[in-house]
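Asker: A structural model of the following input is requested.
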Amino acid sequence: MNRIGDWEGDTVIGKGCGGALLTMVEHKTLFTVIVRLTGKRSDLSAEAAVSHMVSFKDKIKTITIRQWS
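Answerer: Okay, here's the model as predicted:
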């Protein structure tokens, strides 16, 4: 990607402890936002993404969230 503003989100689930993180990475600059989640539910991930990315709203062109099975 040649433009700033294309973001990718993913979750990192801890083994055995039940903890989870949401990562949001801007592709060109590799600027990364990491948020500790209170649980593993998808609605918590979505809520965290919106609440933490709103301060970057002028710098967002696209957001892609990865879903692995």
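
Asker: For the rest of this, base every contact and every neighbour count on C-alpha atoms.
Answerer: Noted.

Asker: mind listing the helices for the protein?
Answerer: Here the chain has its helices, by DSSP state H, at 42-53.

Asker: Return the distance of stretch 40-55 from the chain's centre.
Answerer: Mean-position distance between stretch 40-55 and its chain equals 8 Å (CA atoms, centre = their mean, to the nearest Å).

Asker: likewise stretch 32-44?
Answerer: 8 Å.

Asker: Equivalent analysis for stretch 31-40, please.
Answerer: 7 Å.

Asker: Now that stretch - C-alpha only, CSV.
Answerer: Listed next in CSV are the C-alpha coordinates belonging to stretch 31-40 (Å, rounded to 0.1, in the frame of the first residue of the first chain):
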residue,chain,number,x,y,z
PHE,A,31,1.8,2.5,13.7
THR,A,32,0.1,0.1,16.1
VAL,A,33,-2.7,0.4,18.7
ILE,A,34,-2.9,-2.4,21.3
VAL,A,35,-6.0,-2.6,23.5
ARG,A,36,-6.5,-5.1,26.4
LEU,A,37,-9.9,-6.7,26.1
THR,A,38,-12.1,-7.6,29.0
GLY,A,39,-13.2,-10.9,27.3
LYS,A,40,-13.0,-12.8,24.1
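
Asker: what's that stretch in contact with?
Answerer: Contacts of stretch 31-40 from elsewhere in the structure, counted by CA atoms under 8 Å, 6 or more residues apart in numbering, are 13, 18-26, 44-45, 48, 52.

Asker: Check stretch 2-20 too.
Answerer: Here stretch 2-20 makes contact (CA under 8 Å, 6+ apart) with 21-29, 36-40, 45, 59-67.

Asker: Show the buried residues in those residues.
Answerer: 21, 22, 23, 24, 25, 26, 27, 37, 40, 45 (16 or more other CA atoms under 10 Å).

Asker: Farthest-apart pair in the contacts of stretch 31-40, please.
Answerer: Distance extremes for the contacts of stretch 31-40: the farthest pair is 18 and 26 at 26.6 Å, using CA to CA.
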